[in-house]
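Student: just a sequence and a predicted model for now, questions to come.
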Amino acid sequence: MKEFGIKYIINTFVEIMGKKTHFTISVLASLMTLSFTEPLPKSIGLANDYEYKLVFFDDFNLPNGSQPDSVKWKRAKRTNSLWSRWISDNEEVVFIRNGKLVCRAIPNRKEKNDTARMLTGAIETRNTYSFIYGKVEVRMKTKNHKGNFPAVWMKNYEYKDPSIPYGEIDIVEVFGDKRETAHSAHTKLTLSDAKYRRSNHGEKRVNPEKWHVYGIEWDANSIKWFVDGELVHVYVKSTDKTLLDKGQWTFDYPFFLILNQSVGEGAHGMIPDVTHTYETLFDWIKVYQKIE
């Protein structure tokens, strides 16, 4: 379509000027080649406006079988939390393939001394990169299957500093084989009081097995979630001091990024298939911040 459109413009231009010379056509054809024959870089996303500058980027463009860039990413550690209970540093659960980051959950046939029923992959920028406010975009797809639980999300450093209240931004999560994505914010208040949990959560009907760009815009007053540029959910800082004192807004601290493939265990009606290999692909991730 692009080539046809440019040829049409060239022909129209030449007819109008009345100078159908070899030189004119050659020059225009050269310009067309320079401008349109190269493929668009896969890093182009939705936040390319003049208000923001790119401050963090990874397109995982490394040789097949490589591990992610260790300057930017570290392997997440296993903990007792649902998402991280089976995390492994095995290279079969996190690796690069065809310029994509692959995160997997695989049956545990590799680590004989490990009691985990599956081995799952997760990487994070904890202690390598964190930021306050901005835009985040990630291009991702997964393979639907019961128990599937991949996510792109962010946490603050409350585990290191007791003065920091818990904060979590789930840019995108997929639950099981649902054809929808989930987008949430978790705070001290939403975790402790059930009546505030509904307002912190949004969903979007979409096929997670297709490539989509998931993103957030985060500032001092709100968090907005987007799927392919469409606004799907908003979480707003309260003006009620009582709610703020209870931890309704806990997003004025540095957050780090997490990309992971996990499996459910009862939550959201999910039961993992421990004989199945789960897989999620990440094409690129970008962080933008406003130009001051």
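Tutor: Happy to help now that I have it.
Student: from now on I want contacts and neighbour counts done on CA atoms only, so please keep to that.
Tutor: OK.
Student: the strands in the stretch 1-150 of the chain, which residues?
Tutor: 52-58, 74-75, 94-97, 100-107, 118-124, 134-142, 148-156 (DSSP state E, counting those that start in this stretch).
Student: the fifth one vs strand 100-107, what angle?
Tutor: I take that to be strand 118-124. Counting by axes from the mean of the first three to the mean of the last three CA atoms, to 10 degrees, strand 118-124 lies at 150 degrees to strand 100-107.
Student: averaged pLDDT, strand 118-124. What do you get?
Tutor: On average, the pLDDT along strand 118-124 is 97.
Student: who are the neighbours in contact with residue 261?
Tutor: Contacts for residue 261 (CA atoms under 8 Å, 6 or more residues apart in numbering) come out as 103-105, 120-122, 148-151, 278-280.
Student: residue 136 now?
Tutor: Contacts of residue 136 (CA under 8 Å, 6+ apart): 215-217, 285-288.
Student: re earlier: tell me the most buried of the strands of the stretch 1-150 of the chain?
Tutor: Neighbour counts averaged per stretch over the strands of the stretch 1-150 of the chain are highest for strand 118-124, at a mean of 27; criterion: mean count of other CA atoms under 10 Å.
Student: let me know which of the strands of the stretch 1-150 of the chain is the nearest to residue 88.
Tutor: Nearest to residue 88 among the strands of the stretch 1-150 of the chain is strand 118-124 (5.4 Å), distances taken as CA to CA.
Student: what does the closest one rub up against?
Tutor: Under CA under 8 Å, 6+ apart, the answer for strand 118-124 is 73-76, 84, 86-90, 93-94, 103-108, 256-262, 274.
Student: repeat for stretch 85-100
Tutor: 59-68, 75-79, 101-106, 116-122, 262, 281-284.
Student: mind putting the contacts of residue 136 into JSON lines with neighbour count, secondary structure and distance to residue 127?
Tutor: Formatted as JSON lines, those follow (neighbours: other CA atoms under 10 Å; DSSP: H, G, I helix; E, B strand; the rest coil; distance: CA to CA, whole Å):
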{"residue": "215", "neighbour count": "30", "secondary structure": "strand", "distance to residue 127": "22"}
{"residue": "216", "neighbour count": "27", "secondary structure": "strand", "distance to residue 127": "22"}
{"residue": "217", "neighbour count": "21", "secondary structure": "strand", "distance to residue 127": "22"}
{"residue": "285", "neighbour count": "23", "secondary structure": "strand", "distance to residue 127": "18"}
{"residue": "286", "neighbour count": "20", "secondary structure": "strand", "distance to residue 127": "18"}
{"residue": "287", "neighbour count": "23", "secondary structure": "strand", "distance to residue 127": "16"}
{"residue": "288", "neighbour count": "21", "secondary structure": "strand", "distance to residue 127": "19"}
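Student: would you list those in TSV and tack on distance to residue 137 and pLDDT?
Tutor: Shown next, in TSV, are these (distance: CA to CA, whole Å; pLDDT from 0 to 100):
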residue	distance to residue 137	pLDDT
215	4	98
216	7	98
217	9	97
285	6	98
286	5	98
287	7	98
288	9	98
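Student: and the residues you listed, which two are furthest apart?
Tutor: Between any two of these, the greatest separation by CA to CA is 14.0 Å, found for 217 and 285.
Student: quick one: the strands in the stretch 151-292 of the chain?
Tutor: With DSSP E, counting those that start in this stretch as the criterion, the stretch 151-292 of the chain has strands spanning 167-173, 180-187, 201-205, 212-218, 222-227, 230-236, 255-263, 278-290.
Student: which stretch among the ones you listed comes nearest residue 133?
Tutor: Closest to residue 133 of these is strand 212-218 (CA to CA; 5.0 Å).
Student: C-alpha coordinates for the closest one, PDB please?
Tutor: The C-alpha coordinates for strand 212-218 follow below in PDB (Å, rounded to 0.1, in the frame of the first residue of the first chain):
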ATOM      1  CA  HIS A 212      -0.600  -6.100  21.900                       C
ATOM      2  CA  VAL A 213       1.000  -3.100  23.400                       C
ATOM      3  CA  TYR A 214       0.100  -2.700  27.000                       C
ATOM      4  CA  GLY A 215       1.000   0.600  28.800                       C
ATOM      5  CA  ILE A 216       0.500   3.000  31.700                       C
ATOM      6  CA  GLU A 217       0.700   6.700  32.200                       C
ATOM      7  CA  TRP A 218       1.700   7.400  35.800                       C
END
